[in-house]
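**Student:** coordinates only, no sequence provided:
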C-alpha cells in the first residue's frame with residue numbers, strides 16, 4: 001500500500017488521539033497531573049537546551065540552572081538512556097515547581113550514533129535511508145513517511161519515555177521541505193507528527209509534544225491538537241552572530257502569532273556568543289511575546305539564561 005494512502009487511513013485515528021492528549025483542556029484528557037504539567041509549560045519564562053558535551057557533570061548543570069524548561073538529548077554522551085532517577089534529580093527545584101524536561105528526538109533524520117543504527121547499513125541501507133547531510137556528518141535524510149522508519153523512530157520515543165521525560169522535542173519536522181518533488185510531503189509530515197503524539201499519549205496522556213521549526217504547519221487544523229508549543233531557531237540571528245533578514249523576521253513573527261492565538265507558547269533559540277548581541281536578542285524576543293534562549297550552534301553547553 002502506498003504511504004500516502006496509509007496516511008489517509010490513519011489521519012482520523014491520529015487526530016482523535018492527539019485531541020485527547022493536547023493541552024489538558026480537551027474532553028477526555030486526564031485531570032490533575034495533566035493540568036499541572038500543561039500549566040508549567042504555559043507559565044515557563046526561561047528555557048535552555050544542551051544536546052551533547054555532558055561530561056562528568058552529566059545533568060548537574062541542568063539541576064543547578066534556573067530554567068523552567070530544558071531540552072536534553074535522550075541519552076548521555078555514550079548514548080545510554082538517562083536513568084529515571086537522574087532525570088528526576090535534574091527536574092527537582094527547591095521551593096519551586098519542578099522544571100520540565102524534554103527529550104530530543106529527530107523524526108526527520110536518522111543518526112548513525114543512535115541505538116537503532118546497524119553497521120550493515122553502510123553496504124545495504126534500508127530503502128528509507130537516504131543521503132547523508134553534508135553539513136552534519138552522521139546524520140542522514142530519511143523517507144519519514146516510510147512505515148519502517150516510523151517504527152524505528154517510535155522505538156526511540158518509547159526509550160525516551162521509559163526514562164521519564166515530560167515530553168519530546170521533535171527535530172527535523174521541516175524535513176518535508178527537502179522533498180519538493182513529493183506532492184504529499186507536507187501532509188505526510190503532519191500525519192507523522194500526529195502519529196508520534198498519539199503514540200506517546202496512549203502511554204502518557206500528559207506527554208508534551210514540541211516540534212522545532214516549520215511554524216506554518218499550525219495553519220492546518222488537524223495539526224493544532226497534536227502539538228503543545230513551538231521551538232524555533234534563528235528568528236533574529238543566524239549561526240553564528242549573523243542577523244537574519246527583516247523579511248524573515250516579519251514572516252516568522254506572523255506565524256508565531258498564530259501559535260500564540262491557539263494558546264501555544266513559542267520558544268526561540270538564537271545562536272550568538274558576542275556580549276553586545278546577547279542582551280538585545282533576549283530583550284527583542286521577550287518584547288515580541290516569545291520565550292528566548294541564546295546559545296552556541298554546537299549546543300554542547302548549557303549557556304546561562306537571562
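**Tutor:** Now that the structure is in, tell me what you want to look at. No experiment lies behind these values; they were computed from the predicted model shown. Numbers count the residues shown, from 1 in each chain.
**Student:** can we go C-alpha only for contacts and neighbour counts from here?
**Tutor:** OK.
**Student:** what are the ranges of the helices in this protein?
**Tutor:** In the chain, helices defined by DSSP state H lie at 3-21, 33-43, 60-64, 84-91, 147-163, 185-203, 246-261, 275-287, listed in chain order.
**Student:** out of the ones you listed, which one sits most buried?
**Tutor:** Highest mean neighbour count among the helices of the chain (mean count of other Cα atoms under 10 Å): helix 185-203, with a mean of 22.
**Student:** and the angle for that one with helix 147-163?
**Tutor:** Note on geometry: by axes from the mean of the first three to the mean of the last three Cα atoms, to 10 degrees, helix 185-203 and helix 147-163 are set 40 degrees apart in direction.
**Student:** state the mean pLDDT of helix 185-203.
**Tutor:** Averaging pLDDT along helix 185-203 gives 98.
**Student:** counting by contacts, list what it packs against.
**Tutor:** On a contact count with 3 or more Cα pairs under 8 Å, 6 or more residues apart in numbering; DSSP states H and E, helix 185-203 meets helix 3-21, helix 147-163.
**Student:** count the neighbours of residue 79 for me.
**Tutor:** Burial of residue 79 is recorded as 13 neighbouring residues (other Cα atoms under 10 Å).
**Student:** what are the bridge partners for the residue most central in space within the chain, then?
**Tutor:** Taking Cα atoms, centre = their mean, the centroid of the chain lies closest to residue 169, which sits 2.1 Å from it. Note on residue 169: beta-bridge partners by DSSP bridges are residue 104, residue 210.
**Student:** next up, the contacts around residue 107.
**Tutor:** 144, 150, 153, 170-173 (Cα atoms under 8 Å, 6 or more residues apart in numbering).
**Student:** measure it to residue 281 for me?
**Tutor:** 29 Å (Cα to Cα, to the nearest Å).
**Student:** out of the contacts of residue 107, who has the most neighbours?
**Tutor:** Of all the contacts of residue 107, the highest neighbour tally under other Cα under 10 Å goes to residue 144, namely 25 neighbours.
**Student:** picking that back up, could you dump the helices of the chain to TSV with distance to residue 211?
**Tutor:** TSV is the format used below for the helices of the chain (distance: least, Cα to Cα, whole Å):
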stretch	distance to residue 211
helix 3-21	14
helix 33-43	14
helix 60-64	21
helix 84-91	21
helix 147-163	14
helix 185-203	8
helix 246-261	12
helix 275-287	19
